[in-house]
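**Student:** With the input below, show me the fold.
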Amino acid sequence: MLIDLHRGLNDELSEAALALGERQIAVIHADLPKLQTEDVSSLLTAAGTFGGAVALDRHGTGTNALALRSTVGFSFCFGPGSAVLHIGQRAGIARIDRSGFAFDLDTLDDLHLAVQAGAVPMQCNWVAT
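**Tutor:** A predicted model of the protein is given here:
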């Protein structure tokens, strides 16, 4: 069992990768309301073929999912501008541009867009804090 020590996503993933050893890994963020089975299949297939795959956000700059055949020598760098940082670490890493991965919920504007697109039901009970 791996325990989250609240060091941040990148440090926690690095620790998990070390604990798991040289194994395949997929990191798929939970804020992807349009994600479909076919999107995940394309990510995993590309990672198997090319050794790694990065699913881009709709701006083409962020990483909404990542799959690697091996984590050895790989540095997780999720956050602003992460796509180029992840892709630049391995020759031939695949870029995945699919609508299911592209649309994430990072801001209130994103949530409004998701509701307008029908990806999030309007009857949600939101509590402002």
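**Student:** contacts, neighbours, all on C-alpha from now
**Tutor:** Will do.
**Student:** How far off centre is stretch 75-93?
**Tutor:** How far stretch 75-93 lies from its chain's middle: 11 Å, per Cα atoms, centre = their mean, to the nearest Å.
**Student:** Which positions within it qualify as buried?
**Tutor:** Of all the residues in stretch 75-93, those buried under the rule 16 or more other Cα atoms under 10 Å are 76-78, 82-87, 93.
**Student:** same for the helix or strand that contains residue 27, what does it pack against?
**Tutor:** Here residue 27, judged by DSSP states H and E, is contained in strand 25-28. The elements that strand 25-28 packs onto, with contact taken as 3 or more Cα pairs under 8 Å, 6 or more residues apart in numbering; DSSP states H and E, are strand 63-68.
**Student:** How many residues are close by residue 51?
**Tutor:** Counted with other Cα atoms under 10 Å, residues neighbouring residue 51 total 20.
**Student:** quick one: contacts for the closest residue to it other than its chain neighbours?
**Tutor:** Of all residues not flanking residue 51 in the chain, residue 69 sits nearest, at 5.0 Å (Cα to Cα, 6 or more residues apart in numbering). The neighbourhood of residue 69, defined by Cα atoms under 8 Å, 6 or more residues apart in numbering, consists of 23-25, 47-48, 51-52.
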